[in-house]
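1. how would this look folded up:
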Amino acid sequence: MSELLVKSAKHKIGHILEIEFNDGHVTCVDFAPFIFSKGHPDYEQYKSVDKFLEFEVVDGNLNWEDYTMIFPVEDIYNNRIIKY
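-> Predicted coordinates for the structure are as follows:
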C-alpha cells in the first residue's frame with residue numbers, strides 16, 4: 001500500500017474541513033472539539049475561524065503555521081482527532 005497523503009482540503013463551515021486523500025477517500029472533519037478542548041496557548045489562535053483557515057497542505061499533511069498544529073494523516077482519514 002502506498003503512503004496515505006492529504007491531497008486537498010476545503011472549508012465547509014466553522015472548523016469543519018472536507019479533506020480528500022490520495023486514494024480518493026473524502027471525509028469531513030470537525031476540528032472544533034480538539035481546538036476548544038486545548039488549554040495550550042499555541043492552539044488559542046485557531047479558535048478564530050479566520051486563523052484556522054490559514055492551513056496549507058504541505059507534503060501530504062495539513063499544516064498550520066510551520067507545524068504549530070498538525071495531525072497524523074491516518075487520524076484525519078479515520079476522523080479521529082483526539083482530545084488530550
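
2. C-alpha only now, for contacts and for neighbours.
-> Fine.

3. thinking Leu53 is in contact with Ile13, fair?
-> No - judged on CA atoms under 8 Å, Leu53 makes no contact with Ile13 at a distance of 10.4 Å.

4. the two: which is more packed in?
-> With neighbours defined as other CA atoms under 10 Å, Leu53 and Ile13 compare such that Leu53 has more, 16 against 10.

5. need the contact list for that one.
-> Going by CA atoms under 8 Å, 6 or more residues apart in numbering, Leu53 touches His11.

6. phi first, then psi, for it.
-> In terms of degrees, to the nearest 10, the main-chain angles of Leu53 are phi -80, psi 0.

7. I'd like the distance between it and Asn22.
-> Note on Leu53: its distance to Asn22, by CA to CA, to the nearest Å, is 21 Å.

8. and Phe71, by the same measure?
-> Counting by CA to CA, the gap from Phe71 to Asn22 is 16 Å.

9. so what touches the longest strand anywhere in the chain?
-> Identified as the longest strand of the chain according to DSSP state E is strand 6-13. For strand 6-13, the external contacting residues (CA under 8 Å, 6+ apart) are 17-22, 53, 57, 60-62, 73.

10. how close does the spatially most central residue of the chain get to Lys7?
-> Centroid-nearest residue in the chain: Leu62, 5.3 Å away (criterion: CA atoms, centre = their mean). Separation of Leu62 from Lys7 (CA to CA): 9 Å.

11. and Leu17, by the same measure?
-> Distance, Leu17 to Lys7, by CA to CA: 13 Å.
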